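Peer 1: My questions are about this predicted structure, shown below with the sequence.
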Amino acid sequence: MHTTPDPITRYFEDDGQIPNNPALPVVILKAALDPTLSPDEIHAIQRGNGWGGNWVWSVFDYHHWHPDAHEALCVASGEAELMLGGAGGEVFRVVAGDTLVLPAGTGHCRLSSSADFAVCGAYPKGQESYSTCRAGEGRARVAGIATVPLPDTDPVFGADGPLMRAWRG
């Protein structure tokens, strides 16, 4: 781990296709991890901080959201442009070592990426069996976003990490 970075936070409004999260911001931690860490090493950090359901892959190339889980995306390799917040949201360039934490309901989509782009995904304890909705789907599930429990820890920095300060004040 590097020095704890200052978080970049963004709130996104419901656009009629993606609900986003009215109460919690997206938290982006640039250079949160050593960019040379392997996916196994990243998963060990996530699991050590109580985040499970770990996987390694990319980000879907269509707008989608999770109604029942918060999601951590730690960039393990490569780089990408991700659209957060739905089609009218904001584009972020991410590189190996960056971490994004998306509160339940947040739209996300991969716009472009290098051939070696990979992320290590994880979810707070109890949220590992999450659902995925495409843009325009799942409107009946929007009310449940507010009931998704807050995590006990930041997926990279633990109980006193920047996520905890951003989400709990």
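Peer 2: Everything's here; your move.
Peer 1: Which stretches in this protein count as strands?
Peer 2: Shown for the chain, the strands assigned by DSSP state E span residues 8-10, 26-29, 51-57, 64-65, 71-77, 79-84, 90-95, 99-102, 108-113, 118-124, 133-134.
Peer 1: pretty sure Trp57 is touching Gly121, no?
Peer 2: Yes. Trp57 lies in contact with Gly121 (C-beta atoms under 8 Å); the separation is 7.3 Å. Any C-beta I mention is one placed from the backbone N, CA and C, and that applies to glycine too.
Peer 1: Which residue of these two possesses the greater neighbour count?
Peer 2: For Trp57 versus Gly121, neighbours defined as other C-beta atoms under 10 Å are more numerous around Gly121 (21 against 12).
Peer 1: any idea how far Ala80 lies from Leu24?
Peer 2: The gap separating Ala80 from Leu24 is 23 Å, by C-beta to C-beta, to the nearest Å.
Peer 1: who has more neighbours, those two?
Peer 2: Leu24 (24 against 21).
Peer 1: ok, for that one, nearest residue in space, not its chain neighbours?
Peer 2: Computed as C-beta to C-beta, 6 or more residues apart in numbering, the closest residue to Leu24 that is not its neighbour in sequence is Pro103, at 3.7 Å.
Peer 1: How much space separates that neighbour from Ala118?
Peer 2: If you measure Pro103 against Ala118 using C-beta to C-beta, the figure is 23 Å.
Peer 1: So between these two, which is more surrounded?
Peer 2: In terms of neighbours (other C-beta under 10 Å), Pro103 is the more surrounded of Pro103 and Ala118; the figures are 27 against 19.
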